[in-house]
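>>> Here's a sequence, model it:
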Amino acid sequence: MADGPVIVWFRRDLRLDDHPALVAAAETGRPILPLFIHDETVEPLGAAPRFRLGLGVEALTSALERRGMRLILRRGRALDVLKALVAETGAAAIHWTRYYEPAHIDRDKAIKAWAAAAGLTARSFPGALLHEPTQVLTQAGQAYSVFTPFWRRLRQGEVAPPLAAPGTLRRPQDWPASDDLADWRMAAPMNRGAAILRPHIAPGEAAALARLSAFLEGPLRLYAERRDFPGEAATSGLSDHLAWGEISPRRIWAEVMARTDQDATLDRPGEKVLSELAWRDFAWHLMYHDPSLATENWRKGWEAFPWRADNDDAERWRRGITGVPFVDAGVREMYVTGRMHNRVRMVAASYLTKHLLTDWRVGQAWFAECLTDWDPASNALGWQWVAGSGPDAAPYFRIFNPDAQADRFDPAGVYRNRFLGAGGDRRGALADAYFDAVPRCWTLDRTTHYPEPIIEHSAGRAQALAAYERFRDQ
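Have a look, this model is predicted:
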C-alpha cells in the first residue's frame, strides 16, 4: 500500500473547485479514484431530487473525463462498497466532504470505525458550509436559535477563501469496474414529468460558475430590492447547484465580496446575498445540534397543536388547485421547473399550515418529492418557521395573505399568468406544460375549470388564530 490510491468519495459535492477533500488527495501524490455511491442515503430521495442528482453525477463524470480521469459508480450500502473497492484496488485512504443530515452522520461514523480497525486513513473535510457547525456558537458555547445574532456573529468572523481545483490529478494504473449510470434509472420515478423538467435544469459545475458570473453582472445590483418579485429574473438561480454541491458557498461568498469591494454601490445587495448564504448555514447548524429538526416540532409542546394529518384539502394544494392563484402558481412552477420562488414558498407553506391547518410535514414531504434544489435542513427550517413551531418563529405575524402578497410582489400578474395562464386560450408554454407533467390519474387537462378558493383569506386567518389561541390556552 506504499502507493495505494486515495478514494475521493463524491456525495453532495459534485465539483472540482473548492473541494478540500480532493485537494488533500492530490497533495498526497498518490493515484486518485473518484467514486460516487448510489447508497442508502440516495434510495429515499424523492423523484425530482433523484433525477437532478443523476444529471449532476453525469456532469461530474464528463468534467473528470476532460481531466483524463473517471468517476467510478457503484451501487449498494456505502460501507460494503468501500470495503470491496479497497480490496480490489489496495486503496490506502478515503476522503469525503462532511454532510450533516443525521443518516449521513451515522453512516460516516460507521465507515470511520471500520477504516480505523482496518488500518486505513478515512478523513472527512469541510466544504459544504461557510463554517462548520461547531464554529459559530454563543458565548455560552451553545448553538444559536435566532438568526439575527447568528448572522452578526458569523459576519464578524472570516470565511475561509475557496480553494482552486487541483492542477494535476494522478490516474491509477488500472481503473476498477464501474456501473453504467443509465442502469440506475435515476429519471424513472419522474415518469412523463422528466421530459418537462429537463429543459429547466443546467447541471454541473461549469453551469453553476457561469450562472454565478451572470448573476454578478446583472441581477446582483437590484437583488435586495427585487428578489421577492417572482415574475422577474432577480435571483441567482444557484439553489440547485448549492444543494448538490456543484458550487461551494465559499466560492459564492468570495465572488460577491470581491464584486462589492470593487463597487461600493453593491454593498447592500451584496450583504443580502451573504445573509442568505448564512441562513443556509444557520439551518444546517440547527440540524447538526438538533437532528430531529426535519421530523419533529422544534418548539416543545407543539405536538399538541391541532394540525390535520394529510387530507383532501392538502391534496388540492399538492395539485395546484386550491383556487388561490399565487399559491397554485407556485405549486405548478415547482412541478414544471423543479423550483419554487422563495417568496412564493413562504406563501404556499403558510396557506397549507395556517389556512388549511395541515401539518407542516405534509407539505415538507411534497417539497422533498418535487424540488430539484431539495435541501433537508433549509426546507425543514423554512417549513417550521412558517408554521410557527420552529426556531425564530412568530406564528401570529406570519399568516400570509396570499392575495395581498400577490398584489405586492406580482402586481401585473406576470408570475401567475406564467404558470396558470390568463384564462381561455391565453395560456403560455409553462402553464400548458403543467398538464403534460402531472400524473394522468389526476385527470387534469387544459379544459379543467379553475376552482373557487378552498377558503378565503379572512376566514382562514380567523380559523388559524382561533386554533393558536386554543392551543396557547391549554
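>>> So which residue is smack in the middle of the chain?
By Cα atoms, centre = their mean, the chain has its centre lying nearest to D375, at 2.8 Å.
>>> Could I get the pLDDT score of it?
According to the prediction, D375 has pLDDT 97.
>>> Now do it against A437, distance only.
Between D375 and A437 the computed distance is 22 Å (Cβ to Cβ, to the nearest Å). Placement of C-beta: from N, CA and C, glycine included.
>>> Output the below-cut-off pLDDT ranges for the stretch 1-150 of the chain.
Along the stretch 1-150 of the chain, the parts satisfying pLDDT under 70 run over 1-2.
>>> now do 50
Judged against pLDDT under 50, the stretch 1-150 of the chain has no low-scoring part.
>>> how about the strands of it, start to end?
Secondary structure of the stretch 1-150 of the chain by DSSP state E, counting those that start in this stretch: the strands cover 6-10, 32-38, 72-75, 93-97, 121-125.
>>> Which helix or strand contains Y415?
In the assignment (DSSP states H and E), Y415 maps to helix 414-420.
>>> what is the mean pLDDT for the helix or strand that comes right after that helix?
Using DSSP H and E, the next helix or strand after helix 414-420 towards the C-terminus is helix 429-437. When pLDDT is averaged along helix 429-437, the result is 93.
>>> now do stretch 445-454
Across stretch 445-454, pLDDT averages out at 91.
>>> So for that stretch, first residue to last residue, what's the gap.
Length of stretch 445-454, first residue to last, Cα to Cα, to the nearest Å: 20 Å.
>>> Secondary structure class of S292, three-state.
Of the three states, S292 takes helix according to DSSP: H, G, I helix; E, B strand; the rest coil.
>>> Tell me how many other residues crowd it.
For S292, the number of neighbouring residues by other Cβ atoms under 10 Å comes to 11.
>>> One more: E65?
Applying other Cβ under 10 Å, we find 11 residues neighbouring E65.
>>> List the contacts of the residue nearest to D375 when sequence neighbours are not counted.
Setting aside the residues directly before and after it, D375 is nearest to A243 in space (Cβ to Cβ, 6 or more residues apart in numbering), at 4.9 Å. Counting by Cβ atoms under 8 Å, 6 or more residues apart in numbering, A243 touches 12, 49, 52, 372-375.
>>> one more time with 10 Å
For A243, the contact set (Cβ atoms under 10 Å, 6 or more residues apart in numbering) comprises 12, 49, 52-53, 56, 280, 371-376, 378-379.
>>> Next one: it from E333, what distance?
Distance from A243 to E333, by Cβ to Cβ: 17 Å.
>>> same question, A431
10 Å.
>>> And L274, by the same measure?
26 Å.
>>> the more surrounded of the two?
E333 (25 against 21).
>>> Which helix or which strand is home to the more buried one?
Using DSSP H and E, the element containing E333 is helix 325-337.
>>> Just the C-alphas of the helix or strand just after that helix, formatted as CSV.
Sequence-wise, the next helix or strand downstream of helix 325-337 (DSSP H and E) is helix 342-350. Taking C-alpha atoms only, helix 342-350 is exported to CSV below (Å, rounded to 0.1, in the frame of the first residue of the first chain):
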residue,chain,number,x,y,z
ASN,A,342,-38.7,31.7,-2.2
ARG,A,343,-41.4,34.3,-1.6
VAL,A,344,-44.0,32.0,-3.0
ARG,A,345,-42.7,29.1,-1.0
MET,A,346,-43.5,31.0,2.2
VAL,A,347,-46.9,32.0,1.0
ALA,A,348,-47.8,28.4,-0.2
ALA,A,349,-46.5,27.0,3.1
SER,A,350,-48.5,29.5,5.1
